[in-house]
Structure formats: structure tokens, C-alpha cells
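Novice: Got a sequence here, can you model it:
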Amino acid sequence: MAKESFDKEVQFLRMLVLTSGAYSRQQFAERLGISVHTFDKTLRRLKEIVGTVYQQLPETQGREFANMLRFNYYESADPMLLFLYRAKSVKESESYRLSVLIAALQQRSLTAMELLDVCCGGLPSDFPMPDEKTIRSDLRYLEEVGVVRREAGGRPYRYAIHNSLVNELTEQERIDLYAFVDVMANTQVPSVQGYLLRDSLKKAFKLQDAMEPFLYRYHYFSRILDEAHLFTLLHAIRDRRSITFLYFSPKNRQSYGSKNTNPLFERETEGKQARMLPLKVVYDHQYGRWYLLGYARHDIVKYRVEGITQIVEEEDKAEEALFAERMELLQLRTRFSWLIDTGRAVLIRARFFNPEGAKVNFIRERVELQGQWGEITETTGESFIYEITVNGTTEIKPWLRSFGSSCEVLEPLQLRREFIAEWKEIQAYYEPVRENL
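Specialist: Model prediction:
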């Protein structure tokens, strides 16, 4: 399936989650920048993916699950991007070939040439026959992800299945490992790989659903969807390759633009074509957003990953010295960034009030834990002063605001005035409607 279609389905799922199914078909299509016909076709494709993954369900339950995709997607414990990963992460022939290799290595260790013979004899006749280079590439991939290991000894190298974890753990240790992965995959920084690991452990350990007394679920599915681009971006950074992409700002009324090949149906897209040398990917855990930082137009540029579509890696690599120079510039510009802000540095002073009567000063503990490079400069029995130099005040502002009445901004004066105005506005919301209320 085309890469553009993958982008479209990711944006489709993100909107489905964020809007809770409140849009009509026409509104949904307009927001995505596609036709109603393409909307219906994409929905059918997603239902097919769900049906493929859950093909073991009875027909009635299969239909109910397909309807869930449109109306009750929050009932699923798995993020829907898993369906896309399972359906399109590798080609069908590649998936079949890897399965044959792993099945053969389950019996005994084999060389690359022996595995080539196994593959040629085990693949269906309508599948392309692999060559030695393809098998060695598959083995390198399986070795990198920890599925197989190369045995000690000289050439020709022999490969064996790497399943010591499954074989050496006791039954209770396996249950404890699965429970840990289950909790971490649903409560820490969301990751599709974490869900895949959980499912693999369940199959390897032959654990039953009845053994799960609790269900841990990450409720913000839309935050996981940016992983669709994450590995592509990290690969470009490692190879020092520039990328081009179509970008839709979060403020834009449109979040995707179809790539039309028929001039009769060609339409204007509101996206912006961008080119950059990617340098760093940053995750904002507070808002669940991924950011891409890089170099373009003789300066550091920043993009929200959720607005990036149709990524293309360029062939040419940046010189190592040039890449290091760009990275040094990024580190210099973000030296005082609370997250990714590259604005003018400003000194912030705030007074934090100690909790009255509490056995533990949780206010100070939180400031020391989350305050990054800031310092506590003055301390009294009732409060303490916290100082930090940051690029701009926009990113640190929600953190200061989250302390409520336990935090008083002292400097800069402009930020103090902004907080006063905000708290007055909040106070006005709670003004009584009647005098005797």
C-alpha cells in the first residue's frame, strides 16, 4: 500500500479519536482534505484491517468490532495504530519469508545458505524467490531486533533462535514480566512497540486472559499516532539525510491533503511543502506531543510531528562536520529551552509557599524534581524562592500555573501581570449569579 495512504489513515484515526465521532461524513472529509468517496474507502480499509487482525472472532462479533471502529473505539484496550503496524509494517512476501526463517531456526542452528534452501522450498510458488543477499539482510534485521543470535565460531556463521528469556524464567517470573510490560506500555510514554512486546510475551508464555485481574489502558490514543513517522525521522537523523514533507499547521482548518493523480479532481491543498535537515525529536509528556527540530533557511526550525505527512528522505547525506556544526547550533539555541523554545532568554523568579501542617514538603520536592536547572536561592519557614533562566515564558507557564495558590510569580513583571489577569478571569467564573446564592 502507498505511503500516502498510510499518512491518510493515521490522520483519519487521529481525527476519529479527537472528535469522538461528532463529525458527519462531509465534515470529516473536508477537514482531512479528501472526498467523501475517499472517506468511505478509507473507513472500509480500516474495517478490513480490524477484521484481518481479529479474524478468529465469530461473524457476529466481527461485525460488532467493525462497528466499534466507527462508534465505540474507546472500548478497545489496544491503540488503533497497532492495526496499521500489523497490516503494513512489512510486505506480505517479507512477512512470510521471516516466518519461514524463524520456524526453521526453532529446530536447530543453520547457516545463511542452508536457510536460503529452506526458504526456496517453503515459500509459495507465486512469491518471489529470495537470493543470498536477501537472506543475509533478513538475518541482520532479526539479529538487530533480538530474535536470532549468531553462534560463536568462524565462517560460515550459524544462526540460532534467541529464546533464552522464554526458556530460563520460571512460571511466576514470566507472569511478573508480562504484568510489568502491560503496565508500562499503558502508563508511560506511549509506544506501539510496547504493545507488540506485550502481545508477543502473551503468546510466548501461553498466558490466558483469565490471568489478568486488571486492565491498564492508555486513554489518549491520538498521542500514539505520531509514532507512524517517528522511526522514519530517527532513521534520517542517523543517516544525516535531509527530508521533504507536506506540513499542516495545528491551527490549519485542514490536516491532510490528498495526492490526486487525476487532473479532473485536482484541488488546492492548504499544506506547506517543507525541506529540512532533521536533528532531534522531542516528546512533550505534559501535552503528549512529538516535535521535530532541524536546520533550514539558515536557522533552527521546529514542527509538530502530528502535522507532518508524505515524508521523503533525500539520497544525499550531509557531511559529518556540517551535521555536527548544525547540531552544535541547535544545542546552543536550546540551551535554556524549557522544552524547545528558541526565543530570548529571560530570568524567572517565583515564590513557592510550603504546605501548612504537612509532614512532607511536597511542593519543594516537586520543584526540585521537575525544576530542571533552576535553583532555590532563598528559604524561610513559610516559603522559598526559585530562579531559572529560560528561553521565553510560554513553555514554563503551564508548569508554574499548575501549583495554583502555592506559587507567586515575582519576575519578570510582564509574566506576573499575565498571571494576575488569568486568575482574575478564573475568579470571575465563580462569581455568584445572585446575591443570596
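Novice: mind listing the strands for the stretch 101-250 of the chain?
Specialist: 110-111, 148-150, 158-161, 241-247 (DSSP state E, counting those that start in this stretch).
Novice: After the last one, heading C-terminal, what element do we hit next?
Specialist: By that I understand strand 241-247. Remark: after strand 241-247, the chain's next helix or strand is strand 272-284, criterion DSSP states H and E.
Novice: Which elements pack onto that next one?
Specialist: Applying 3 or more C-beta pairs under 8 Å, 6 or more residues apart in numbering; DSSP states H and E, one finds that strand 272-284 contacts helix 227-239, strand 241-247, strand 289-296, strand 299-304, helix 320-333. All C-beta spots, glycine's among them, are computed from the backbone N, C-alpha and C.
Novice: what lines up beside the third one in the sheet?
Specialist: So that's strand 289-296. strand 272-284 (antiparallel), strand 299-304 (antiparallel) (DSSP bridges).
Novice: quick one: buried residues of it?
Specialist: Arg289, Trp290, Tyr291, Leu292, Leu293, Gly294, Tyr295 (16 or more other C-beta atoms under 10 Å).
Novice: Compute the inter-axis angle for that strand and helix 320-333.
Specialist: 120 degrees (axes from the mean of the first three to the mean of the last three C-alpha atoms, to 10 degrees).
Novice: can you list contacts of strand 289-296?
Specialist: The contact list for strand 289-296 (C-beta atoms under 8 Å, 6 or more residues apart in numbering) reads 223, 226, 230, 233, 274-284, 300-306, 308, 326, 329-330, 334, 339-340.
Novice: Just the buried residues out of these, in PyMOL syntax.
Specialist: For the buried members of the contacts of strand 289-296, the matching PyMOL selection, counting by 16+ other C-beta under 10 Å, is:
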select buried, resi 223+226+230+233+274+276+277+278+279+280+281+283+300+301+302+303+304+305+306+308+326+330+334+339+340
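Novice: Any idea how far apart the tips of stretch 146-158 sit?
Specialist: Across its full length, stretch 146-158 reaches 15 Å between end residues, using C-alpha to C-alpha, to the nearest Å.
Novice: residues of it that come out buried?
Specialist: Under the neighbour-count rule (16+ other C-beta under 10 Å), stretch 146-158 has Val147, Val148, Arg149, Arg158 buried.
Novice: Next, the contact list for the last one, please.
Specialist: Arg158 makes contacts with Ser109, Leu110, Thr111, Arg150, Glu151, as judged by C-beta under 8 Å, 6+ apart.
Novice: how many neighbours does the closest residue to Arg366 other than its chain neighbours have?
Specialist: Distances taken as C-beta to C-beta, 6 or more residues apart in numbering put Phe403 closest to Arg366, at 8.0 Å, once the chain neighbours are dropped. Neighbour count of Phe403, defined by other C-beta atoms under 10 Å: 15.
Novice: list the contacts for Phe403?
Specialist: Phe352, Ile363, Arg366.
Novice: Now, those residues that are in helices?
Specialist: Ile363, Arg366 (DSSP state H).
Novice: Please check the contacts of Phe403 and keep the buried ones.
Specialist: For the contacts of Phe403, buried by 16+ other C-beta under 10 Å: Phe352, Ile363.
Novice: tell me which of the contacts of Phe403 is nearest to Val181?
Specialist: Arg366 (28.4 Å; C-beta to C-beta).
Novice: any idea how far Glu411 is from the closest one?
Specialist: Distance, Arg366 to Glu411, by C-beta to C-beta, to the nearest Å: 21 Å.
Novice: do Ile348 as well
Specialist: On the measure of C-beta to C-beta, Ile348 and Glu411 end up 7 Å apart.
Novice: More neighbours: which of the two?
Specialist: Ile348 (21 against 13).
Novice: coming back round to it: report the lowest-confidence entry in the buried residues of strand 289-296.
Specialist: Lowest pLDDT among the buried residues of strand 289-296: Arg289, with 83.
Novice: beta partners of it?
Specialist: Beta-bridge partners of Arg289, as defined by DSSP bridges: Asp284.
Novice: repeat for Ile376
Specialist: Assigned bridge partners for Ile376, using DSSP bridges, are Tyr386.
Novice: For the stretch 301-437 of the chain, give me the ranges with low pLDDT.
Specialist: By pLDDT under 70, the low-scoring segments of the stretch 301-437 of the chain are 432-437.
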